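Undergrad: Need a 3D model of the sequence below.
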Amino acid sequence: MTNYGQPVVKIGDTGDAVRQAQRGLRRTPNLSLAVDGEFGPLTEAATKEFQQSVGLTPTGVVDEPTWRVLPNGLPMPTLSEGSKGSAVTSLQEVLTRGAVGLWETTPKGIDGEFGPNTAASVRAFQSWARLSPDGVVGQKTWDAASALEFMVGLQHTIGVQHMEAS
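TA: Got it, this is the predicted structure:
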C-alpha cells in the first residue's frame, strides 16, 4: 500500500502527510483541491466526500482506514531536459495529442528522452495553462489543466518504481 504508515491528519494540520493526502484526494478525482500542505476546510470537505463515496463514516479526518482506500498520494517526478524513461514517453504522447488546437507545439517525436523540443512543448503547455513557462514539469505543471498527471499515468509516481532520469 503506497499510503502505508501515514499519520492521521485533520483540520489544522500542515506538512508532507497533508500534501500526500491532498494528492490522493485529487486523484479520486477531485481536481479542485489544491495541494498546499494545509489541511483546511476544503481538504476536510473533500475527505468527507471521499469517505462517503467509499462507504466510510464521513469524519473529515484522514485516518488509517481512509489512508488504506485513498489513491496513491506519492508525488509525480520532476522532469526536465536530460530526463529519460517511460514517464517522459507518456508525457510526450500527451503533449503530442493535446497540442492540436490548444498549445500547438509538439515535442516533435516520442522517444522517451526529454530534449529541447520536449522542453519547448512543455513551455507552450505551461503558457496555455497560465503557468510560468520554465520547461520543467514539476508539481504545478502536473496539477495544471485537469491534472496532467492523470493523462501521463500515476504508475510514474515517485516511490512506486525505479525512477528513470539522468
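
Undergrad: residues making contact with the strand or helix carrying A17?
TA: A17 belongs to helix 16-26 when assigned by DSSP states H and E. Contact with helix 16-26 is made by 3, 6-7, 9, 33-39, 43, 46-47, 50, 62, 67, 70-75, 143, 147, as judged by C-beta atoms under 8 Å, 6 or more residues apart in numbering. Placement of C-beta: from N, CA and C, glycine included.

Undergrad: burial of the nearest residue to N117 once chain neighbours are set aside, as a residue count?
TA: Nearest residue to N117, sequence neighbours excluded (C-beta to C-beta, 6 or more residues apart in numbering): K108, at 4.2 Å. K108 has 15 neighbours, counted by other C-beta atoms under 10 Å.

Undergrad: my read: K108 touches A124, true?
TA: No - if you go by C-beta atoms under 8 Å, K108 and A124 don't touch, sitting 11.8 Å apart.

Undergrad: So in this structure, where's the weakest helix or strand by average pLDDT?
TA: When the helices and strands of the chain are scored by mean pLDDT, DSSP states H and E, helix 139-152 comes last with a mean of 66.

Undergrad: is V9 in a bridge, and if so with what?
TA: V62 (DSSP bridges).

Undergrad: Contacts only, for it.
TA: Taking C-beta under 8 Å, 6+ apart, one finds 17-18, 21, 39, 61-62 in contact with V9.

Undergrad: Can you lay out those as CSV showing pLDDT and neighbour count?
TA: Output for these, formatted as CSV (pLDDT from 0 to 100; neighbours: other C-beta atoms under 10 Å):
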residue, pLDDT, neighbour count
A17, 95, 20
V18, 96, 24
A21, 95, 30
F39, 98, 24
V61, 98, 17
V62, 98, 31
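
Undergrad: now, which of those sits nearest V136?
TA: V18 (24.0 Å; C-beta to C-beta).

Undergrad: For that closest one, give its distance to V62.
TA: To V62, V18 is 8 Å away according to C-beta to C-beta, to the nearest Å.

Undergrad: Which parts of the protein belong to which domain?
TA: Domains of the chain are assigned by automatic domain parsing as 16-69, 86-156.

Undergrad: Give me the pLDDT for S90.
TA: pLDDT for S90: 91.

Undergrad: repeat for the one 5 residues further on
TA: In the prediction, the pLDDT value recorded for L95 is 92.

Undergrad: How about the one 3 residues further on?
TA: G98 is assigned 82 on the pLDDT scale.

Undergrad: Now stretch 58-70: buried residues?
TA: For stretch 58-70, a neighbour-count test (16 or more other C-beta atoms under 10 Å) marks 58, 60-63, 66-67, 69-70 as buried.
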